[in-house]
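> please find the sequence and the predicted model below.
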Amino acid sequence: MSPTLIYIFGGTGDLAHRKLIPALFNLYIDGYLPGPFRIVGIGRTEMAETAYRQEMRKSVKEFSRRPELVAQHWTKFSRTLHFQSHDLNNDKAYKGMASEWKEFQAKHGEEAQVVFYLSVAPQLAPVIARRLHQHKLCADPHRSRMVFEKPFGHDLKSAQELNRLLGRLFREEQIYRIDHFLGKETVQNILALRFANALFEPIWNAHYIDHVQITAAETVSIENRGSYYESSGALRDMVQNHVLQMLCMIAMEAPISFEADEIRNKKLDVLQAIRKMHPEDVHRYTVRGQYAAGWSQGKKVVGYREEKSVDPQSAVETFAAVKFYVDNWRWKGVPFYVRTGKSLPAKETLITVQFKPAPDYAFPEEAAHTWRPNRLVIGIAPKMDIRLRFQAKQPGPHMTLRPVDMVFSYATREQEDCQPEAYETLLQDVIEANPTLFMRADQVEAAWTVIRPIMEVWADKPPVDFPNYAPGTWGPEDAEALIARDGFNWATLPETHPSEAPVKKKKS
Ligand code: NAD
């Protein structure tokens, strides 16, 4: 790998503390960073470099998946870590970067590369992009890259404007739009599960699959991020990006190669095939919610409207459930139910693929009492496992059946700490110039196009029942009705599945 200079714009921010520096530290320990490597955090706060390093050491200790390795590796790692205080609206910052970049190249050779990670508020992105262009810091498309954090745009129009601007200034292959869900091992494993096994692909279609569910649930409330959340909401914050990306992984056709554009083309096909809702569909196929004040997991929860920087009459949703259809041959008539929200009873992201029920004619009636259709449940986070539910005979003299799960768990099969965090995978990909897991301009716009009709109807008709769910519950009752109407129910993960629990020996 080429010598690399990486600038983290927003180097004193929350993301840098919790994710970016811990990820770079872990890449360093595992030997995945190129030999000559220089990280420069840039923030507005005045701070000495030693103080910055100390602060980051604390964060790495707190947030790295391997805090026990800090004592051994920090001193050496920290020599690559620098800090500069700048206002990124001003030219001065970029002049300094241009000369630093020149020096870095002179020292390490012309093949050195530079990465600009924009971990700053989205309003700063156009300013930074113009300045980087003006100072020719991204003039070489093979050796300079920019990483854009979410949100990428606020709606279709703003995403298009930003894409147009970036398209004028840079080449598409230099632009890395992050959706950190795509860096998760379990999300990438969907490709392996689907396309490296002969077992699933023949039945992965409307003939055998009844419906698909995606749940991305959080127990936390908005945690002091009122001003951000007021301009966002569950639909923009989660569905437009993470949830639709997971849906694409489940619904995409088999790629003919693992080339970045091939995978991205296949995912784009899915986004383009998702049925665009008419206003009356929005009423039938979507549910929004907002949490009230109450209690969750033994803790008092402030209602959304009472949170800091939130309008006391706010119509912003903290919960969204949507029923999508993917209008192509493979998925004709198969509903995809998705739901996401804050202040829910469990922190879990999972995908459930439910197969059509098998005909049970041959079995006696009592055998079929506990009959359940086959289900494939993919735990994305924090539980990282795959469960295949099938029917088995209850031990005993009678033919009674019960559903059992066959479980593959990353936690037991691999050493848990061997798994890179999503940001490690993604940062490594940026350094290695591999854009497969990043969003291309057309994907981002297609995703905004999918949710645009929902955003428009919701904006036109403010909710009359907000707040409409208590913290610690699975959102408003209408979300249950959305799926129950079709004869299904939302799947959740068992705390510990019976098959994983220790077997109790019977007393003789
Ligand atoms: P933050 O508010 O904690 O940090 C912002 C950083 O930007 C600070 O370092 C600040 O000094 C710097 N900054 C602001 N204005 C500046 C200026 N004019 N010149 C130089 N530096 C300036 O924000 P954050 O939570 O770290 O989020 C950063 C970005 O990442 C945002 O786009 C956010 O949406 C995205 N993001 C954050 C998270 C998260 O967990 N924090 C998750 C996903 C995406």
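Sure, I can see it.

> residues from the stretch 1-150 of the chain in reach of the ligand?
Counting by Cβ under 6 Å from any ligand atom, the stretch 1-150 of the chain comes close to the ligand at 10-15, 43-45, 86-89, 119-122, 124, 149-150. In this view, the C-beta of every residue, glycine as well, is placed from N, C-alpha and C.

> please disregard the earlier target; I meant the chain.
Counting by Cβ under 6 Å from any ligand atom, the chain sits next to the ligand at 10-15, 43-45, 86-89, 119-122, 124, 149-150.

> what subset of those is buried?
Among the residues of the chain next to the ligand, those classed as buried by neighbour count (16 or more other Cβ atoms under 10 Å) are G10, G11, T12, G13, L15, G43, L88, S119, V120, P122, E149, K150.

> return the member of these nearest to the ligand.
G13 (2.3 Å; Cβ to the nearest ligand atom).

> relative to the ligand, how far out is N265?
26 Å (Cβ to the nearest ligand atom, to the nearest Å).

> and what of T219?
The gap separating T219 from the ligand is 16 Å, by Cβ to the nearest ligand atom.

> that residue against E348, yeah?
No. Using Cβ atoms under 8 Å, T219 makes no contact with E348, being 9.2 Å away.

> need the residues touching each of these two.
Common contact partners of T219 and E348 (Cβ atoms under 8 Å, 6 or more residues apart in numbering): none.

> helices or strands up against the biggest helix by length in the chain?
Among the segments of the chain that qualify as a helix by DSSP state H, the longest is helix 441-460. Secondary structure elements in contact with helix 441-460, counted by 3 or more Cβ pairs under 8 Å, 6 or more residues apart in numbering; DSSP states H and E, are helix 156-169, strand 175-177, helix 244-251, helix 260-273, helix 279-285, strand 286-289.

> got the angle between the first one and helix 441-460?
Yep, that's helix 156-169 we're talking about. Interaxial angle, helix 156-169 versus helix 441-460 (axes from the mean of the first three to the mean of the last three Cα atoms, to 10 degrees): 150 degrees.

> any idea which helix or strand carries the residue of the stretch 401-508 of the chain found nearest the ligand?
Nearest residue of the stretch 401-508 of the chain to the ligand: Y423, at 9.7 Å (Cβ to the nearest ligand atom). Using DSSP states H and E, the element containing Y423 is helix 422-431.

> what's the first helix or strand after the host helix or strand of Q72?
According to DSSP H and E, Q72 maps onto helix 70-78. Downstream of helix 70-78, the next assigned helix or strand under DSSP H and E is strand 81-85.

> who does that following strand touch, helix- and strand-wise?
The contact analysis (3+ Cβ pairs under 8 Å, 6+ apart) places strand 81-85 against strand 37-43, helix 49-63.

> swap in 10 Å and give it another go.
Counting contacts by 3 or more Cβ pairs under 10 Å, 6 or more residues apart in numbering; DSSP states H and E, strand 81-85 packs against strand 4-9, helix 21-29, strand 37-43, helix 49-63, helix 91-108.

> ok so, going back, for the record, mean pLDDT for the helix holding Y423?
Mean per-residue pLDDT for helix 422-431: 96.

> buried residues in it?
A422, Y423, E424, T425, L426, L427, Q428, D429, V430, I431.

> quick one: those as JSON lines, columns for distance to M97 too.
Listed next are the buried residues of helix 422-431 as JSON lines, based on distance: Cβ to Cβ, whole Å:
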{"residue": "A422", "distance to M97": "27"}
{"residue": "Y423", "distance to M97": "23"}
{"residue": "E424", "distance to M97": "25"}
{"residue": "T425", "distance to M97": "26"}
{"residue": "L426", "distance to M97": "22"}
{"residue": "L427", "distance to M97": "19"}
{"residue": "Q428", "distance to M97": "23"}
{"residue": "D429", "distance to M97": "23"}
{"residue": "V430", "distance to M97": "17"}
{"residue": "I431", "distance to M97": "18"}
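
> picking that back up, count of neighbours near the closest residue in space to the residue of the stretch 401-508 of the chain closest to the ligand that isn't next to it in sequence?
Distances taken as Cβ to Cβ, 6 or more residues apart in numbering put A23 closest to Y423, at 3.8 Å, once the chain neighbours are dropped. For A23, the tally of surrounding residues (other Cβ atoms under 10 Å) stands at 24.

> again, but for R18
The local packing of R18 (other Cβ under 10 Å) involves 16 other residues.

> state the distance from the residue nearest to it when sequence neighbours are not counted to Q188.
Counting by Cβ to Cβ, 6+ apart, the nearest residue to R18 once its immediate chain neighbours are dropped is F63, at 4.9 Å. Distance of F63 to Q188, given as Cβ to Cβ, to the nearest Å: 22 Å.

> just T50 next, same as before
Counting by Cβ to Cβ - T50 and Q188 are separated by 38 Å.

> which one's more surrounded, the two?
Ranked by neighbour count (other Cβ under 10 Å), T50 and Q188 place Q188 first, with 16 against 10.

> could you confirm the more buried one falls within a strand?
No. Counting by DSSP: H, G, I helix; E, B strand; the rest coil, Q188 is not found in a strand; it is helix.

> so it touches T436, yeah?
Yes. Applying Cβ atoms under 10 Å as the test, Q188 and T436 come out as touching, 9.4 Å apart.

> okay, and the common contacts of the two?
Common contact partners of Q188 and T436 (Cβ atoms under 10 Å, 6 or more residues apart in numbering): L182.

> give me the phi and psi for the residue in the stretch 151-300 of the chain that the ligand sits nearest to.
Closest to the ligand within the stretch 151-300 of the chain is P151: 6.0 Å, counting by Cβ to the nearest ligand atom. P151 adopts backbone torsions of phi -80, psi 140, taken as degrees, to the nearest 10.

> kind regards, and thank you for your time.
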